[in-house]
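Enquirer: Curious how this folds, go ahead:
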Amino acid sequence: MRAFFKNVKHVYSALALSMVFTAIHVLYLYVGLAEIRPDPPVKADLLPLLMLPAMFVALLLFFNGADRSCRAARECGVVASGRTWLSYFAALLFFWLPYYIMCFPGGVFLDTSTAISYGIGIDRTVVHNPYMQILLFSGVYRFGALLGDPTAGIAIYDTIQFLCYAALLSYALCLVLGSPRLRLVLAAVYALVPFFPIYALCMGKDTNFALAILLDACLMLQLVRDGEAFLQRPWKPVSLTLSLILISFFRNNVIYVPVAALLIHALFVDRTARVRQFAAVACLGALLIGLGVPKLFGAPKVPIRESLSIPLQQTGYIFSRYEEDVTEEELALITNAVPRSAIERYDPEISDPIKDQFAQYPTSEQLRGYFEAWRRQLLRHPLAYLKAAYLQNFAYYTPLAERTSIKPHVTVGFDLSQWFMPATGYEPPVNPYHEYVRRLDDIALHVPVYSLFSKIGLYTWLTVIAVVRLFQLQRKRYIAAFAAPLMVMVGCLFTPVNGYFRYAFPMIAAAPIMLGCALSLSPASDEAARPVGAKRAIGLVLKAASVLALGAGIAAVMVSSVDSSTVHLPEGDYTLSPVAADGRCLAAPPTDEKGTQLQTADSADEAARVHISYTEDGEAVFHFPASDKTLDVDSDLALAGNGIWAYTDNGLPSQHWRILGTDRPDEYLICFRADLAAAFDPEDGACTLEKRSDSLYRRWRIVPAANE
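Expert: The predicted structure follows:
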């Protein structure tokens, strides 16, 4: 037992990380409305008791084991042999080849089509894409058109990127020194997790940006390890400078962090004259080229609203919960910058409904006015602001959280904007094997343990553990090598979509390598580890208890605004009206078909009358007397996006629902009986199941129908 607690740094690190991990999942279970359940399988008071010690023991074993493995590590700047690189490269291509065949000619992100549209002059209203990406993607499209088919250009681009990913990841694996077994484990992650080859074969601003981030991390790692020796091979400093330029080209306003990391390392860590000279030239060149060239090409100004996702989501949350508390003056200041109709479309997982309607280039008066109203509401509702931010980003750091329902994390095929094909006449190809790729992805999500490798939160925690390990080893200078992936990790907290996989992909691609490099390092000094005495152990326990108590208090206040208890309304006839479409009611017109598409109608329409009854288990049944149909979910699956319709009454579980209360006494959630995290949503004219949230589209007014 004494050997288990032999290193006080490990104990402190494991305790702190396990406490944060537990707190995050308690919040996820009870505050994250996207997955909140009124009757969770593990009660709130038991979850910390189970998760905290389990994570503490697991992390302590991990850190102690890392100490034993790093004794064999060789800290030098020489990468493994070319034969080793070739073996990894061949292995990755072997495992990725089936995905290449099933996904060919590759994938195209939605934003890629908007960039092409801008570049070839179809539509120039979408200006948030980096301008060099616009030139690149439209150039690929034009090149393919010269060959006779734009698909040819996309296929060539995706194939080159596919090979670059395999080559660069193989090179990164060679930088992990020490035990070959560690490299094999990391290689297995890249080879066996489906989204790596799928993203490698997808043309988008996040995939090539991830390549630039990974290249920068690999070369910065060697600069930190080797010092002046890094400069002896000219291709390395040239490549590092190129990676900085590409980072600037491929993403707006992010070049400053990797440039600052290089300068800080040269000025305060390495301090050798040649490294300082190189850093000065590389940073100056990257800034001049990366920022100057787009201006020479006439790049449009990026709207400031792209940086306002969190404040706008907080404003939307205040309106959805505390609208009566918004003063007339605050309302005027806010609506001077963003229409009220946009704020009322608040969805906690995505800021686009509000952000896209914010003034594209607001005046200083509009900005000052909006942030003055934002500040006043912050002072009155600080925890509401915290909760709104949490609902916008929790999937990025919660390993058990499901990926977002807003977009799939795997892009298979071409995701083109609605005006792209009509304007160009371009018909995207459809690979018949796409469905097999989606099935493989679905399997990866449902295999125990293996499914964690398809969750963003796992890679965030691998990154955090790698940084903690560097502090344990007193190797803080290596943080400069990982500044670019860390920048992506922090940036995900402010993105416009919660749990959007492609936003986090640059960090995800680098995370295993970061952890592997941290584990292959030896301590900076041979100072003996300090064991944990009895007094210190008691102190640690008391500190942990106090922090958990504080966290529990904050969570209790945050969750107090949620009332997710099941509601039993009296049996009878009602009308169902979505809060976001007040005055219109759900209706099922009479037809001769077994199934009827749901529509909206005036409350006086007989087709809008719904009879609510209950099963023996207390589950609600919604029956439309006018059509003699019952509310039904397609395929009896509580999956986001599954269609809802009115179907002939059959008594099957697919027609059983639960009515849950909200913080408003006259507003309810209608959730599928098999999964209370799936709520009934009529947004965009299609009635579907979607993840539960504070969206007004998922809140209903259930009002007794007027008697004839």
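Enquirer: gap between the residue nearest the centre of the chain and residue 421?
Expert: Nearest to the geometric centre of the chain sits residue 499, at 2.4 Å (C-alpha atoms, centre = their mean). Going from residue 499 to residue 421 by C-beta to C-beta, to the nearest Å gives 29 Å. (Each C-beta comes from the backbone N, C-alpha and C, glycine too.)
Enquirer: Spatially nearest residue to the residue nearest to the centre of the chain (excluding sequence neighbours)?
Expert: Across the structure, with C-beta to C-beta, 6 or more residues apart in numbering as the measure, the residue nearest residue 499 apart from its sequence neighbours is residue 395 (2.8 Å).
Enquirer: burial measure for that neighbour, as a count.
Expert: The local packing of residue 395 (other C-beta atoms under 10 Å) involves 29 other residues.
Enquirer: That one contacts residue 495, doesn't it?
Expert: No: at 10.4 Å, residue 395 does not count as touching residue 495 under the criterion of C-beta atoms under 8 Å.
Enquirer: which residues do those two both contact?
Expert: Contact criterion C-beta atoms under 8 Å, 6 or more residues apart in numbering; residues shared by residue 395 and residue 495: none found.
Enquirer: Now do the helices in the stretch 201-350 of the chain.
Expert: In chain order, the stretch 201-350 of the chain shows helices spanning 205-226, 235-250, 256-264, 273-296, 309-322, 328-335, 340-343, with DSSP state H, counting those that start in this stretch as the criterion.
Enquirer: okay, stretch 135-151 in CSV with CA atoms only?
Expert: These are the backbone C-alpha positions of stretch 135-151, laid out as CSV (Å, rounded to 0.1, in the frame of the first residue of the first chain):
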residue,chain,number,x,y,z
LEU,A,135,-9.2,29.9,-53.1
LEU,A,136,-8.0,26.4,-52.5
PHE,A,137,-11.4,24.7,-52.7
SER,A,138,-12.7,26.7,-55.6
GLY,A,139,-9.4,26.0,-57.4
VAL,A,140,-9.9,22.2,-56.8
TYR,A,141,-13.4,22.5,-58.2
ARG,A,142,-12.2,24.5,-61.3
PHE,A,143,-9.3,22.0,-61.9
GLY,A,144,-11.8,19.1,-61.9
ALA,A,145,-14.0,21.0,-64.3
LEU,A,146,-11.0,21.4,-66.7
LEU,A,147,-10.6,17.6,-66.5
GLY,A,148,-14.3,17.2,-67.5
ASP,A,149,-15.8,16.6,-64.1
PRO,A,150,-15.4,18.6,-60.8
THR,A,151,-15.5,15.2,-59.0
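Enquirer: Can you name the residues in contact with it?
Expert: With C-beta under 8 Å, 6+ apart as the contact definition, stretch 135-151 has outside contacts at 105, 112, 115-116, 118-120, 152-157, 203, 208, 297, 424, 426, 428-429.
Enquirer: Strands - which of the residues you listed land there?
Expert: Taking DSSP state E as the definition of strands, the contacts of stretch 135-151 contribute residue 203.
Enquirer: Produce a ChimeraX select command limited to the buried residues of the contacts of stretch 135-151.
Expert: With 16 or more other C-beta atoms under 10 Å as the burial test, the buried ones among those are selected in ChimeraX as follows:
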select :105,112,115,116,118,119,120,152,153,154,155,156,157,203,208,424,426,428
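Enquirer: Show me the contacts of stretch 135-151 that map onto helices.
Expert: Using DSSP state H, the members of those that fall within helices are 112, 115-116, 118-119, 152-157, 208, 424.
Enquirer: Relative to residue 356, how far out is the residue nearest to residue 499?
Expert: Residue 395 sits at a distance of 21 Å from residue 356 (criterion: C-beta to C-beta).
Enquirer: and what of residue 625?
Expert: Computed with C-beta to C-beta, the distance linking residue 625 and residue 356 is 41 Å.
Enquirer: Who has more neighbours out of these two?
Expert: Per other C-beta under 10 Å, whichever of residue 625 and residue 356 has more neighbours is residue 356, with 18 against 15.
Enquirer: So that one versus residue 472, what's the distance?
Expert: Using C-beta to C-beta, which is the criterion applied here, residue 356 is 45 Å from residue 472.
Enquirer: contacting residues for the residue nearest to residue 370 when sequence neighbours are not counted?
Expert: Sequence neighbours aside, residue 337 is the residue nearest to residue 370 in space, at 4.4 Å (criterion: C-beta to C-beta, 6+ apart). Applying C-beta under 8 Å, 6+ apart to residue 337 gives the contacts 358-359, 362, 366-367, 369-370.
Enquirer: Now restrict those residues to buried residues only.
Expert: Using 16+ other C-beta under 10 Å, the buried members of the contacts of residue 337 are 358-359, 362, 366, 369-370.
Enquirer: Next step: the contacts of residue 337 restricted to helices.
Expert: 366-367, 369-370.
Enquirer: Determine which two of these are furthest apart.
Expert: In the ones in helices among the contacts of residue 337, the most distant members under the criterion C-beta to C-beta are 367 and 369, with 7.3 Å between them.
Enquirer: Can you give the domain ranges for the chain?
Expert: 8-71+533-559, 82-301+404-520, 304-393, 572-704 (automatic domain parsing).
Enquirer: Same list, these, but as TSV with mean pLDDT please.
Expert: Output for the domains of the chain, formatted as TSV (pLDDT from 0 to 100):
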stretch	mean pLDDT
domain 8-71+533-559	69
domain 82-301+404-520	90
domain 304-393	90
domain 572-704	71
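Enquirer: Would you reformat those domains as TSV and include distance to residue 566?
Expert: Putting these into TSV (distance: least, C-beta to C-beta, whole Å) gives the following:
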stretch	distance to residue 566
domain 8-71+533-559	7
domain 82-301+404-520	23
domain 304-393	21
domain 572-704	5
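Enquirer: Residue 418 falls within a strand, correct?
Expert: No: using DSSP: H, G, I helix; E, B strand; the rest coil, the secondary structure at residue 418 is coil, not a strand.
Enquirer: From residue 123, how far out is it?
Expert: Distance check for residue 418 against residue 123: by C-beta to C-beta, it reads 10 Å.
Enquirer: The two: who's more crowded?
Expert: Summary of the neighbour comparison: residue 418 and residue 123, criterion other C-beta under 10 Å, with residue 123 having more neighbours (15 against 9).
Enquirer: Now that one: closest residue in space that isn't a chain neighbour?
Expert: residue 117 (4.5 Å).
Enquirer: So what's the residue count around that neighbour?
Expert: Neighbour count for residue 117, taken as other C-beta under 10 Å: 25.
Enquirer: And the one 10 residues further on, by the same measure?
Expert: Residue 127: 17 surrounding residues under other C-beta under 10 Å.
Enquirer: Give me the phi and psi angles of it.
Expert: Per-residue torsions, residue 127: phi -120, psi 10 (degrees, to the nearest 10).
Enquirer: Surely it touches residue 302?
Expert: Yes: assessed by C-beta under 8 Å, residue 127 is found in contact with residue 302 at 6.9 Å.
Enquirer: any idea how far residue 348 is from residue 131?
Expert: For residue 131, the distance to residue 348 (C-beta to C-beta) stands at 32 Å.
Enquirer: So which of those two has more stuff around it?
Expert: Counting neighbours by other C-beta under 10 Å for residue 131 and for residue 348 shows that residue 348 has the greater number, 25 against 21.
Enquirer: Which residue comes closest to that one once chain neighbours are left out?
Expert: The nearest residue in space to residue 348 (C-beta to C-beta, 6+ apart) is residue 391, at 3.8 Å.
Enquirer: That neighbour: which element?
Expert: Following DSSP states H and E, the helix or strand that holds residue 391 is helix 382-393.
Enquirer: Who are the packing partners of that helix?
Expert: If contacts are counted by 3 or more C-beta pairs under 8 Å, 6 or more residues apart in numbering; DSSP states H and E, helix 382-393 sits against helix 309-322, helix 534-559.
Enquirer: Confirm the residue nearest to residue 499 sits in a helix?
Expert: Yes: when three-state DSSP is applied, residue 395 is found to be in a helix.
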